[in-house]
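Engineer: Starting from these lines, generate the structure:
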Amino acid sequence: VLHTWHALGCQVMALSPSDAEYSDFMAKLPDLFPRHGESKRAATTGDRNEVCVVVHVKWQNFSVLLGADMTVTAARDRGWSAVIAEHHEQRLPKSCVVKIPHHGSHNAHYEPMWNDALESSPVAVITPFGRGPKATRPPTTDDLDRIASLSSRAYVTSTPAGAPATRFESAVERTLSDGGIQVSDANPPLGLVRLRRVRDEWQERLVAPASLIRRRATAR
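Structural biologist: The predicted model follows:
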């Protein structure tokens, strides 16, 4: 666990990777390097999420949970199970803002995270995944509905399914279709969700294509 203290009393704590995840990663490192007499080769990426860093940030009287790309696993010493166990052990306060883990994907949804590490109806921010078939990119519509139902306000930094495809002249479209070629933007626009704490309230500033999914109505 990493502790970093800011001069103004801000505490930043890394809740992952767990000891088991770190040990597994270190054990795999030697296999990424060519042995004596072997040609150089590209290092395989493996599971990019296994050593992601979930961060709890606390300052003044509120906290923020940055969920990184952490997912749910069956093992108690890995994934969200290990993160929440560390959260309990460190006696950390519940957070009022959460960066939703793993692009809002269903395999990152962990009830104890919402119940034990977050305040009721926190502000949520989702960073959609921008690669692969649009139909399978998280968050799906169901993911957005689930997250919005658990949040007071839920934002996405970009359009989950990506921007509309560039259209060409009909002859070009036919040629691309016949060749099974799909065209995507090499530099898709990146949105921004900025949250600032002003007089005990969160105020947002959105830079397109970031948008608000839903703001829960408050009882009068």
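
Engineer: what about this structure, any weak spots by pLDDT?
Structural biologist: Low-confidence segments of the chain, defined by pLDDT under 70: 1-8, 43-48, 132-135, 160-167, 183-188, 215-220.

Engineer: Start from the N-terminal end of it and give the strands.
Structural biologist: Assigned by DSSP state E, the chain shows strands spanning 3-5, 11-14, 55-59, 62-66, 95-99, 118-126, 153-156, 192-198, 201-207, 211-215.

Engineer: Deepest-packed of those strands, please.
Structural biologist: Of all the strands of the chain, strand 153-156 carries the top mean neighbour count, a mean of 24, counting by mean count of other Cβ atoms under 10 Å. For glycine as for every other residue, the C-beta is placed from the backbone atoms N, C-alpha and C.

Engineer: Show me what that strand is packed up against.
Structural biologist: Helices and strands in packing contact with strand 153-156 are listed as strand 118-126, helix 141-150, strand 201-207, strand 211-215; criterion 3 or more Cβ pairs under 8 Å, 6 or more residues apart in numbering; DSSP states H and E.

Engineer: Show me the strands paired with that strand, marking each as parallel or antiparallel.
Structural biologist: As defined by DSSP bridges, the strand partners of strand 153-156 come to strand 118-126 (parallel), strand 211-215 (antiparallel).

Engineer: Let me have those strands in JSON lines, adding distance to Ser18 as columns.
Structural biologist: Shown next, in JSON lines, are the strands paired with strand 153-156 (distance: least, Cβ to Cβ, whole Å):
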{"stretch": "strand 118-126", "distance to Ser18": "20"}
{"stretch": "strand 211-215", "distance to Ser18": "31"}
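
Engineer: export the helices and strands packed on strand 153-156 to TSV and tack on distance to Ile100?
Structural biologist: Listed next are those as TSV, based on distance: least, Cβ to Cβ, whole Å:
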stretch	distance to Ile100
strand 118-126	5
helix 141-150	6
strand 201-207	15
strand 211-215	11
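
Engineer: Ok, which of the strands paired with strand 153-156 comes nearest Pro101?
Structural biologist: The minimum distance between Pro101 and the strands paired with strand 153-156 falls on strand 118-126, with 9.6 Å, by Cβ to Cβ.

Engineer: Tell me the gap between the closest one and the middle of its chain.
Structural biologist: Counting by Cα atoms, centre = their mean, to the nearest Å, strand 118-126 is centred 13 Å from the centre of its parent chain.

Engineer: So which residues make contact with it?
Structural biologist: Contact with strand 118-126 is made by 65, 94-100, 103-104, 139, 144, 147-148, 150-157, 160, 193, 195, 202, 213, 216, as judged by Cβ atoms under 8 Å, 6 or more residues apart in numbering.
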